[in-house]
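1. just coords:
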Ligand SMILES: Nc1ncnc2c1ncn2[C@@H]1O[C@H](COP(=O)(O)OP(=O)(O)OP(=O)(O)O)[C@@H](O)[C@H]1O
Ligand SMILES: [Mg+2]
């Protein structure tokens, strides 16, 4: 595999919830080092698309490949389902996801959260995992907090811990679903700064966000979703500076 | 599905200086109450007949041990049984789910006394009919009453606690499980590393109350000839023809036990890191 192999490739993705068609044929490619920002109105299908990438939602149709490896899927009555558990778990372990609500494991300390996947899923020796965890915790500014429990930390700290948890698995791509939406305004900055650093390191990310200024700054590619379709995409300067779609123009005005 | 009421552990309040902690106790109406209580205690000690007490102390001690042993063993075994009972009702295949649900419903919906008698007289008589059982090494135990008391108390605790555990399993936020899956954890690992410990943790706050209820259920075993604390006191009453003194002692002992249990469990809870 060379560098041209897409880190994430989505081909003609459809998703129904019952009779509601939420994704209506989405194709998207993120090459290694890309920072893809996904924007769009509420209910446009951003989260659903993101969650299809690691099969937290199973597509109704379409194909998804991670670093050139397509998920083996089998047909069911309603759509598709992963056909190969082992492959699914292996691919998932290479994709880190950061959730809007952090979803840390509250019964484990910060360090416990960060070493959990390396030790349990990837089979890394504990010492090594701890050493690596300390490095990533340092990167997100939580070096002092390794023994704290999530419940005793601010939202910003919890989200940074969640990012450390993802960094610890050295993911092929990181998926962010509105990582700052649940935060108090004064805590948004510290989390965005961490993500900005990661983007500067050329880590592959797909980032659903409502922070337009941030998207414009860090993204290499912006995707505007509207009613389950990609209505417009391109480099941030073009998308924010000279949007073609009237919907996008209105969307940008409404946010600004 | 109804979520169970999860009481977040109360943070221990920082220790106040002794004087300000005593101050509320020194208000006039409280002083009067305390005075009355002391007077009552003095009357109980001086005016009542406690001459029988020293002679019966060893028996009472033994009864207390039986009560505590029954409580501890039935709580431990019942809790162990409650975990699968609760888990199966949330994740299990339908037949197992119905079975567990039915078990909990029947046990919770019928009097403990009835269960005790059914198991003691029913099961006891049934066992006696099989020569294989009568001949086995278990028979010396099965001829006694306490195994039936233990079994009944265990099943009862399991049924009540199973319901709590079911709620605790159902109440673990989906996102925590989803995060585990998103990182490639196999199903069993999600259960072992996240779902199960989180559910147990969520079930802990109600455990204290359930254990005290269980303590108060133990005297029923006296009706199937197990000599627990209550049975010993009943014998004292029959032998001494005293009505109140043994009962007052009984009340005092149960109060001490439940008080100690409450404090111990509260201390334990404070040591477990709280969820959200
Ligand atoms: N599990 C589900 N079952 C049924 N409908 C769902 C489910 N998840 C999402 N939907 C619906 O799919 C649509 C798209 O949801 P999605 O969460 O992807 O939107 P979004 O773009 O992320 O919106 P937001 O900005 O509010 O997060 C919505 O109409 C939502 O109600
Ligand atoms: Mg969303």
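-> Received it, and whenever you're ready, just let me know what you need. Since we're looking at a predicted model, the values are computed, not measured. Ligands and ions are numbered 1, 2, ... in the order given.

2. Doesn't residue A:111 lie inside a helix?
-> Yes. Applying DSSP: H, G, I helix; E, B strand; the rest coil, one finds residue A:111 inside a helix.

3. Tell me, how many residues neighbour it?
-> Residue A:111 has 20 neighbours, counted by other Cβ atoms under 10 Å in any protein chain shown. C-beta coordinates here come from the backbone N, C-alpha and C atoms, glycine included.

4. contacting residues around it?
-> Counting by Cβ atoms under 8 Å, 6 or more residues apart in numbering or on different chains, residue A:111 touches A:130, A:133, A:134, A:137, A:146, A:147.

5. how about the strands in the stretch 101-250 of chain A?
-> A:173-177, A:205-208, A:221-226, A:229-234 (DSSP state E, counting those that start in this stretch).

6. Tell me if the first one is near ligand 1.
-> Read that as strand A:173-177. No. Using Cβ under 6 Å from any ligand atom, strand A:173-177 stays clear of ligand 1, with a minimum separation of 7.4 Å.

7. tell me what that strand is packed against?
-> Secondary-structure packing of strand A:173-177 (3 or more Cβ pairs under 8 Å, 6 or more residues apart in numbering or on different chains; DSSP states H and E): helix A:46-53, strand A:95-98, strand A:205-208.

8. Which one of the ones you listed lies nearest to ligand 1?
-> Proximity to ligand 1 (Cβ to the nearest ligand atom) singles out helix A:46-53 among the helices and strands packed on strand A:173-177, at 3.1 Å.

9. is ligand 1 contacted by the closest one?
-> Yes. Counting by Cβ under 6 Å from any ligand atom, ligand 1 is contacted by helix A:46-53 at A:46, A:47, A:48.

10. after that helix comes which helix or strand?
-> For helix A:46-53, the succeeding helix or strand toward the C-terminus, using DSSP states H and E, is strand A:61-66.

11. can you tell me how far the residue nearest to residue A:212 when sequence neighbours are not counted sits from chain B?
-> Once flanking residues are discounted, residue A:212 sits nearest to residue A:255: 5.2 Å by Cβ to Cβ, 6 or more residues apart in numbering or on different chains. Per Cβ to the nearest Cβ, to the nearest Å, residue A:255 is found 26 Å from chain B.

12. For the closest residue to chain A within the stretch 101-250 of chain B, give me the backbone phi and psi.
-> Closest residue of the stretch 101-250 of chain B to chain A, Cβ to the nearest Cβ: residue B:184 (3.3 Å). Per-residue torsions, residue B:184: phi 90, psi 20 (degrees, to the nearest 10).

13. Tell me who's in contact with it.
-> Here residue B:184 is in contact with A:88, A:89, A:90, A:91, A:92, A:93, A:94, A:117, A:121 (Cβ under 8 Å, 6+ apart).

14. repeat for residue A:94
-> A:66, A:67, A:169, A:171, A:172, A:173, B:184.

15. Give me the buried positions along the lengthiest helix in chain A.
-> Ordering each helix of chain A by length in residues (DSSP state H) puts helix A:185-200 first. For helix A:185-200, burial by neighbour count (16 or more other Cβ atoms under 10 Å in any protein chain shown) applies to A:187, A:188, A:190, A:191, A:192, A:194, A:195, A:198, A:199.
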